[in-house]
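Student: Need a 3D model of the following:
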Amino acid sequence: MKECDKNEKTKAGRKGFMRFLTDRDGAMAVEFAMISMAFLTTVFGTIESGRALWAQSALQSALDDTSRYALTHRDASDSTLQSYAQARMADIYADNSGFTVMVNRTTTDGVDFITFDGSYAFKTLIPFLPTDWSSMDLTGESKTPIPAVAYAPPSSSGTSSGTSGSGSGTGTSGTSGTSSSGTDADGDNDGTAEETCAHGHSCQCQGNDH
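Tutor: The predicted model follows:
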């Protein structure tokens, strides 16, 4: 009797163990718990990678804008240029608390250059990302030559114009002649009569200027 009870218990235990192995209740929760960290790391890592690329682009744009500002404001001091770079970084990326910029002035082959070296301490918003991602130092550089004389656009030149006077006379043939200073003195309109010249004396002329 006791041996039969023992066998029954053994069979019942085996059946219970098999039911446990084949039981699917809660399987989805267990599976999600196993892959959730990898899944969330991939999703939020993609988002943070986009933010890092945005910060890198903003850093380089701020340095390039400062180079153009220095090109048109040759007398600007280093502190003024640094403040301008900080303002541009704030306009593009909003958070410029981790942004620093160094101004270096050099001369090569008689040409003055100004170089802006910038860095930004990027920090992720997600705490469980890898340590290498939690704090990254983004860097950028922009270099431009500074001319000795500021560029000035050419001014528009004025033009002067004059008018020339002309006189007309009528001959016997009905054609018009040109007389710049004399008039027909005898009134016969023959074109060969005495003319009163601009010099105040009479002479034989045919509409020629004396």
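
Student: From Ala85, how far out is the closest residue to Glu48 other than its chain neighbours?
Tutor: Of all residues not flanking Glu48 in the chain, Thr124 sits nearest, at 4.7 Å (CB to CB, 6 or more residues apart in numbering). Where you see a C-beta, it was placed from the backbone N, CA and C, and this is true even at glycine. Thr124 is 24 Å from Ala85, where distance means CB to CB, to the nearest Å.

Student: all helices of this protein, in order?
Tutor: Remark: helices assigned in the chain by DSSP state H are 2-22, 27-72, 78-93, 131-134.

Student: With mean pLDDT and mean neighbour count as extra columns, can I get those in CSV?
Tutor: Formatted as CSV, the helices of the chain follow (pLDDT from 0 to 100; neighbours: other CB atoms under 10 Å):
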stretch, mean pLDDT, mean neighbour count
helix 2-22, 63, 9
helix 27-72, 89, 14
helix 78-93, 94, 17
helix 131-134, 69, 11
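
Student: Can you tell me which of the ones you listed is nearest to Pro145?
Tutor: When the helices of the chain are compared by CB to CB, helix 27-72 sits nearest Pro145, at 8.2 Å.

Student: Give me the helices and strands touching the closest one, please.
Tutor: Helices and strands touching helix 27-72, by 3 or more CB pairs under 8 Å, 6 or more residues apart in numbering; DSSP states H and E, are helix 78-93, strand 99-108, strand 111-123, strand 135-146.

Student: Tabulate the ones you listed (TSV), appending distance to Met37.
Tutor: Converted to TSV, those look like this (distance: least, CB to CB, whole Å):
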stretch	distance to Met37
helix 78-93	30
strand 99-108	32
strand 111-123	21
strand 135-146	21
